[in-house]
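A.B. asks: here is my input; please provide its structure:
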Amino acid sequence: MTQIELLKFDVRVTARMLKRNALTDQELAAHVAGLADAAEKCDSVSAAQPALGSGASVGSQTLADGGTAEDLEAL
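C.D. replies: Okay, here's the model as predicted:
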């Protein structure tokens, strides 16, 4: 698969590609299913997120509005 073909699976453009019928749900599902699971190679990192409000950070900590990082992921 060429770089150009891979771009249609970029998380930043998949919704647009699906809307334009340049990508099907089945193609996207097949691509995601074919990705290697790299979870065991990852480390958890907490990082300050000033744009989310004072005291906000991503990780297991509570955000300034009382929410959690998991709440952000649900959006």
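A.B. asks: quick one, phi/psi of Asn21?
C.D. replies: phi 60, psi 20 (degrees, to the nearest 10).
A.B. asks: for this protein, what helix or strand is lowest in average pLDDT?
C.D. replies: Scoring the helices and strands of the chain by mean pLDDT, DSSP states H and E places strand 57-58 at the bottom, with a mean of 55.
A.B. asks: and the longest helix along the chain, what other elements does it pack with?
C.D. replies: With secondary structure taken from DSSP state H, the chain has its longest helix at helix 25-33. Judged by 3 or more Cβ pairs under 8 Å, 6 or more residues apart in numbering; DSSP states H and E, the packing partners of helix 25-33 are helix 14-19. All C-beta atoms are positioned from the backbone trio N, CA, C, and that covers glycine.
A.B. asks: residues in contact with the helix it packs on?
C.D. replies: Under the contact criterion Cβ atoms under 8 Å, 6 or more residues apart in numbering, helix 14-19 has outside partners 8, 23-25, 28.
A.B. asks: mean confidence for it?
C.D. replies: The average of the pLDDT scores along helix 14-19 is 93.
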